[in-house]
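J.: With the input below, show me the fold.
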Amino acid sequence: MKFNVLTLFPEMFSALDESIIGRGKEKGLIDINLINIRDFSKNRHKKVDDTPYGGGAGMVMEPTVVYDAYCFVKEPNAKVIYMSPQGKTLNQQMVQDLAKEENIILLCGHYEGIDQRVIDEIVDEEISIGDYVLTGGELPAMVLIDSVSRYVEGVLKEDSVQEESFTNGLLEYPQYTRPEVFLGKRVPEVLLSGHHENIKEWRRDQSIINTYLKRPDLLKEIELSDKEQKMLSEYKNLKEGGSK
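T.: Model prediction:
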């Protein structure tokens, strides 16, 4: 998968040279091409912004320099995404859908934003990573690249993404490793049993409980079996009884 990133601050993306994404790049599974928008400025001081028409605080990125940077990297069927707090909030389904793309162009705004005319001309979709405002689109772009890249074939083992939070609509079950006893707390016995079906059932139950405790809104979209509904009901009763 190829990411072309239009940004004023390409140095910020060095974080993506590390860990899993860095290894994906080394293997040639992920290509992150950083384009400095400032390189396309015709101003001798490499200025890329100007005051907004109609007045107001801050500066607005000029459309011409953004458009020229886009034209430098545009390819057939490339999906252009503008990282913007006004966009749809990134979620797991969007991540998995984007992972099916072969070429994504990410546009990172800065200052008070980008001239609307160039957004209307080149952008296919606006995406946000949450209902808050950052100083620029670079951090959101890195979040999108990281989340999407994990679903590119070969970057992770297939079972690594099948059982994590949100993949099946639930939050992930708790994880444990050595030592068997830590600060007087033991690893759940079922995980030491070697009984794979029991472990699978325990993990499913724990995912349901974890979701109930942390994101109960997600359970509205999940169809639980009669056995799972009974388990959750008993857990709720136990918890309510223990809190009295």
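J.: Phi first, then psi, for Ala35.
T.: Careful, residue 35 is Ile; it's not Ala. Dihedral pair for Ile35: phi -120, psi 120, per degrees, to the nearest 10.
J.: how far away is it from Tyr235?
T.: In this structure, Ile35 and Tyr235 are 52 Å apart, going by Cβ to Cβ, to the nearest Å. Just so you know, the C-beta spots here come from the backbone N, C-alpha and C atoms, and that holds for glycine as well.
J.: Looking at these two, which is more packed in?
T.: Residue environment comparison for Ile35 versus Tyr235 gives the larger neighbour count to Ile35, 19 against 15, counting by other Cβ atoms under 10 Å.
J.: Looks like the more buried one contacts Phe3 (just checking).
T.: No: Ile35 is beyond contact range of Phe3, at 10.6 Å (criterion: Cβ atoms under 8 Å).
J.: can I see the domain layout of this structure?
T.: The chain breaks down into these structural domains: 2-158, 181-243 (assignment by automatic domain parsing).
J.: Can I get the ones you listed in a markdown table including distance to Gly169 and mean pLDDT?
T.: A markdown table is the format used below for these (distance: least, Cβ to Cβ, whole Å; pLDDT from 0 to 100):
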| stretch | distance to Gly169 | mean pLDDT |
| --- | --- | --- |
| domain 2-158 | 9 | 96 |
| domain 181-243 | 5 | 95 |
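J.: Would you mind finding the most buried of those domains?
T.: For the domains of the chain, average neighbour numbers computed from mean count of other Cβ atoms under 10 Å are highest in domain 2-158, which has a mean of 16.
J.: need the contact list for the closest residue to Glu153 other than its chain neighbours.
T.: The spatial neighbour of Glu153 that comes closest, neighbours along the chain excluded (Cβ to Cβ, 6 or more residues apart in numbering), is Leu29 at 7.5 Å. The contact partners of Leu29, by Cβ atoms under 8 Å, 6 or more residues apart in numbering, come to Met1, Ser149, Val152, Glu153, Gly154, Val155.
J.: which residues in the protein form strands?
T.: Using DSSP state E, the strands found in the chain span residues 2-7, 31-36, 49-50, 60-61, 79-89, 103-108, 125-128, 181-182, 185-186.
J.: Point out the other elements, helices or strands, that the last one touches.
T.: With contacts taken as 3 or more Cβ pairs under 8 Å, 6 or more residues apart in numbering; DSSP states H and E, strand 185-186 sits against no other helix or strand.
J.: what do you get for the second one?
T.: Packed against strand 31-36, as judged by 3+ Cβ pairs under 8 Å, 6+ apart, are the following elements: strand 2-7, helix 63-73.
J.: Over to the first one?
T.: Packing partners of strand 2-7 (3+ Cβ pairs under 8 Å, 6+ apart): strand 31-36, helix 63-73, strand 103-108, helix 138-149.
J.: out of these, nearest to Val95?
T.: Distances from Val95 to each of these were compared using Cβ to Cβ; the minimum, 4.7 Å, belongs to helix 138-149.
J.: residues in contact with that closest one?
T.: 1, 3, 5, 7, 9, 12-13, 15-16, 20-21, 24, 29-30, 32, 81, 83, 90, 95, 98-99, 104, 106, 108, 127-129, 134, 155.
J.: So what's the gap between it and the chain middle?
T.: Here the centre of helix 138-149 is set off from its chain's centre by 6 Å, with Cα atoms, centre = their mean, to the nearest Å.
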